[in-house]
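Asker: please work out how this folds:
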Amino acid sequence: MLVELSGLPGTGVAYDVVVIGAGGAGMAAALYAAIDGASVLLVEHTQHVGGTTAWSGGTTWVSGTRHAAAVGAADSAEDAARYLASAIGDRSPEAMRRAFLAHGPDAVAHIEANSEVRYRAYPLHPDYLSELPGSTVKGRALEPLPFDGRRLGPLFALLRPPIPEFTVLSGMMVDRNDIFHLLRLTKSLASLRHSLRILSRHALDRIRHPRGTRLVMGNALAGRLLHSLASRSNVGLAIGTSVEGLDARDGGVHGLTLSQRGVRRSVGVRGGVILATGGFNRHPARRAALLPGADIAWCPGAPGHTGRMHDMVEALGAHYGSGAASPAFWAPVSMRRRADGSTAVFPHFLMDRGKPGMIAVDGTGHRFVNETTSYHLFALAMQERPNAIPAYLIADADALRRYGMGIVRPGGKGLGPFLADGYLVQASGIDELARKLGIDARGLAQTVTRCNEFAKTGVDADFQRGTTAYQRNLGDASCGGANPCLGPLRRPPFHALRLYPGDIGAATGLATDTTARVLDREGRPIDGLYAVGNDMHSIMGGVYPGPGITIGPGLVFAYLAGRDAARRAAGAG
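Answerer: Numbers count the residues shown, from 1 in each chain. Here you go, the predicted structure:
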């Protein structure tokens, strides 16, 4: 049974596999190794497991699984390979993408057959570059099924809580299906029933628990992984534990030194050490070199990805991969100071910027990007355009009421606190809004007039908004306009909030082979050392072709690394 260790294992204890980092990829690697019978120690530097996965939507991009057929998706490995080749080109090794596609279905099937992890395919969730050959509108984006956190018992406290702004009613998690029903609870009997079910469940939760125990999205995936690990006697968990050094001899890694609350222990490793620490993003020197100008305050990722392990393995010959279009993946974020003094960094993925009645402008008051493009491309455009940091998301009263803006909920009520602290800016006219934002009033007025004409014709002559399946899926066809992504800004008061480019994960990481073994500068595997998740150089080459393109490869290469390390340990025994 998995138990949070009150102390480290004694000096001289050896495990088959040690995994460093208990985010989604790390927990998956530990689970795959444990399923194959290996003794596993999972080491986490922070006080919670789940990493950024627990804060995410939890979507997992894997092609060719049995779940695609459940939504009628006509997909093939050839189509997926053609799509990734079209999107990524030579920015990542084709052999790595082939390994991902070849082993993806088996990785999903194996974890579902041997654990509590369960997925379903979204009925409609297009690839982000849906205009490219080989793309699909459904079947590749898998979401974890909701999970009952009460099944974790006392381990529930170890699971990283979701971002508060992603919850309602003091800790009730909601996914897109819940939001749909909550917004329609007075209009549909089915929505009323669904809403009453989750609301009553949450009311009972708040009597017994500090937050809701009905877990969805990334919190559900992390909870399912944790429960699966807890059911196995061959897994140990060390929380609040750091790695102080590696035992590297004879060209390989044979152990490591751990530190917990001032106590140091040496642990042997028979099969391998798997790095899953989350990437370089909070390593000061590497961040300054790879992400110049990107303030760490804009990063919405979990706090554990310090990159310290990268320094250690670099001394063994490990190195970063190259060729990526961007060293990180991005999303526009808005920020607001919470009552406890912390800062909410809210990523704008899909609920607002692509909807009718909203536009994004730079400091000159002009648009600079197709607002319905992927969040990655949106944030890259902010960095490429002068005067676009911050950018300004602008909506009229109808759009704010219908969709909300960032942390501001749909409905248009309770705006006072957001206006008082400046998170939301309100004005009775476009000129007044421009003055309050400090941007060019004439430019903004021209932009709004031009966009209102686009809304009439349904054609965005400047940025072709709403011209692909992915973009139209972000819009709102129920508005009845000629283009589901275009709508006029005409009803005051008008509103705006500031957007910044936030790095949501590392694309640049340690170079590995197709089994996730870390390579030295001569291209040779370093025996007993693996990297998965954002520690591994992304097979997507700094391109963001679809939802879940970090979690999906994280899962598949965790499958390859965990099982390979388990086999290596069995051979050593």
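
Asker: going forward, measure contacts between C-alpha atoms and count neighbours the same way
Answerer: Will do.

Asker: neighbours of Arg176, how many?
Answerer: Arg176: 13 surrounding residues under other C-alpha atoms under 10 Å.

Asker: kindly confirm my reading that His310 is in a helix.
Answerer: Yes - counting by DSSP: H, G, I helix; E, B strand; the rest coil, His310 is located in a helix.

Asker: can you read off the pLDDT for it?
Answerer: In this model, His310 is scored at 98, pLDDT.

Asker: go on, Arg184?
Answerer: If you check Arg184, the pLDDT there is 85.

Asker: sketch out the low-pLDDT regions of the chain for me.
Answerer: Residue ranges of the chain with pLDDT under 70: 1-11, 573.

Asker: buried ones in the lengthiest helix in it?
Answerer: The longest helix of the chain (DSSP state H) is helix 551-572. Applying a neighbour-count criterion of 16 or more other C-alpha atoms under 10 Å, one finds 551-569 buried in helix 551-572.

Asker: distance from that helix to the middle of the chain?
Answerer: Relative to the mean C-alpha coordinate of its chain, helix 551-572 is positioned 22 Å out (C-alpha atoms, centre = their mean, to the nearest Å).

Asker: where along the stretch 51-200 of the chain do the strands fall?
Answerer: Along the stretch 51-200 of the chain, the segments classed as strands by DSSP state E, counting those that start in this stretch run 60-61, 119-121, 141-144, 147-148, 167-168, 172-173.

Asker: what helices or strands is the last one leaning on?
Answerer: It refers to strand 172-173. With contacts taken as 3 or more C-alpha pairs under 8 Å, 6 or more residues apart in numbering; DSSP states H and E, strand 172-173 sits against strand 214-215.

Asker: the longest helix of the chain packs against which elements?
Answerer: Packing partners of helix 551-572 (3+ C-alpha pairs under 8 Å, 6+ apart): strand 14-20, helix 24-35, strand 60-61, helix 94-113, strand 263-275, strand 525-531.

Asker: what lies in contact with the shortest one?
Answerer: If I follow you right, that is strand 60-61. Residues external to strand 60-61 that are found in contact with it (C-alpha atoms under 8 Å, 6 or more residues apart in numbering): Arg140, Ala141, Leu142, Glu143, Gly546, Pro547, Gly548, Ile549, Thr550, Ile551, Gly552, Pro553.

Asker: partner strands of it, parallel or antiparallel?
Answerer: strand 141-144 (antiparallel) (DSSP bridges).

Asker: what does the strand it pairs with contact?
Answerer: 57-63, 67, 117-122, 125, 216-218, 220-221, 546-548.

Asker: from those, keep the buried residues only.
Answerer: So, by 16+ other C-alpha under 10 Å, the buried ones in these are 57-63, 67, 117-122, 125, 216-218, 220-221, 546-548.

Asker: strands of the stretch 451-573 of the chain, start to end?
Answerer: 494-506, 517-519, 525-531.

Asker: quick check, distance from the last one to the centre of its chain.
Answerer: Put plainly, it is strand 525-531. Per C-alpha atoms, centre = their mean, the displacement of strand 525-531 from the mean C-alpha position of its chain is 26 Å.

Asker: mind giving me the packing neighbours of it?
Answerer: Strand 525-531 packs on strand 252-260, strand 263-275, strand 517-519, helix 551-572, going by 3+ C-alpha pairs under 8 Å, 6+ apart.

Asker: what packs against the shortest one?
Answerer: Taking 3+ C-alpha pairs under 8 Å, 6+ apart as the contact definition, the neighbouring helices and strands of strand 517-519 are strand 525-531.

Asker: quick one, the strand it packs on and helix 24-35 angle?
Answerer: 110 degrees (axes from the mean of the first three to the mean of the last three C-alpha atoms, to 10 degrees).

Asker: dump strand 525-531 to PDB, restricted to CA.
Answerer: Listed next in PDB are the C-alpha coordinates belonging to strand 525-531 (Å, rounded to 0.1, in the frame of the first residue of the first chain):
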ATOM      1  CA  PRO A 525      22.100   6.600 -23.800                       C
ATOM      2  CA  ILE A 526      23.200   7.300 -20.200                       C
ATOM      3  CA  ASP A 527      22.500   3.900 -18.600                       C
ATOM      4  CA  GLY A 528      19.800   4.000 -16.000                       C
ATOM      5  CA  LEU A 529      18.600   7.600 -16.700                       C
ATOM      6  CA  TYR A 530      15.300   8.500 -18.400                       C
ATOM      7  CA  ALA A 531      13.300  11.700 -18.900                       C
END
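
Asker: list the buried ones in that strand?
Answerer: The neighbour-count check on strand 525-531 (16+ other C-alpha under 10 Å) flags Pro525, Ile526, Asp527, Gly528, Leu529, Tyr530, Ala531 as buried.

Asker: how about the residues you listed in JSON lines, adding distance to Ala360?
Answerer: As requested, those are arranged in JSON lines below (distance: C-alpha to C-alpha, whole Å):
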{"residue": "Pro525", "distance to Ala360": "47"}
{"residue": "Ile526", "distance to Ala360": "47"}
{"residue": "Asp527", "distance to Ala360": "50"}
{"residue": "Gly528", "distance to Ala360": "49"}
{"residue": "Leu529", "distance to Ala360": "45"}
{"residue": "Tyr530", "distance to Ala360": "42"}
{"residue": "Ala531", "distance to Ala360": "38"}
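
Asker: list the contacts for His103?
Answerer: For His103, the contact set (C-alpha under 8 Å, 6+ apart) comprises Val556.

Asker: scratch that, Met27 is what I was asking about
Answerer: With contact set as C-alpha under 8 Å, 6+ apart, Met27 has these partners: Gly21, Leu42, Gly50, Leu225, Leu226, Leu229.

Asker: how about the third one, nearest residue that isn't a chain neighbour?
Answerer: The one in question is Gly50. Once flanking residues are discounted, Gly50 sits nearest to Gly23: 4.2 Å by C-alpha to C-alpha, 6 or more residues apart in numbering.

Asker: confirm that Pro417 sits in a strand.
Answerer: No - using three-state DSSP, the assignment for Pro417 is helix, not a strand.

Asker: assess the claim that Gly429 and Arg490 are in contact.
Answerer: No - under the criterion of C-alpha atoms under 8 Å, Gly429 makes no contact with Arg490, lying 9.4 Å away.

Asker: ok, back up a step: nearest to Ile111, of the strands of the stretch 451-573 of the chain?
Answerer: strand 525-531 (19.2 Å; C-alpha to C-alpha).

Asker: what angle do that closest one and helix 551-572 make?
Answerer: 130 degrees.

Asker: what about Thr514, distance to Ser538?
Answerer: For Thr514, the distance to Ser538 equals 12 Å [C-alpha to C-alpha, to the nearest Å].

Asker: of those two, who's got more company?
Answerer: The residue with more neighbours, out of Thr514 and Ser538, is Ser538; 32 against 16, by other C-alpha under 10 Å.

Asker: can you tell me the closest non-neighbouring residue to the more buried one?
Answerer: Excluding its sequence neighbours, the residue lying closest to Ser538 (C-alpha to C-alpha, 6+ apart) is Ala507, at 5.0 Å.

Asker: Thr550 reaches Asn534, doesn't it?
Answerer: Yes - contact between Thr550 and Asn534 holds when scored by C-alpha under 8 Å: they sit 7.3 Å apart.

Asker: before we move on, the earlier item: single out the most deeply packed of the helices and strands packed on helix 551-572.
Answerer: Mean neighbour count (mean count of other C-alpha atoms under 10 Å) peaks for helix 24-35 among those, with a mean of 30.

Asker: after that one, next one along is what?
Answerer: Where DSSP states H and E defines the elements, the next helix or strand beyond helix 24-35 is strand 40-44.

Asker: number of nearby residues for Ile88?
Answerer: Counted with other C-alpha under 10 Å, Ile88 comes out at 22.
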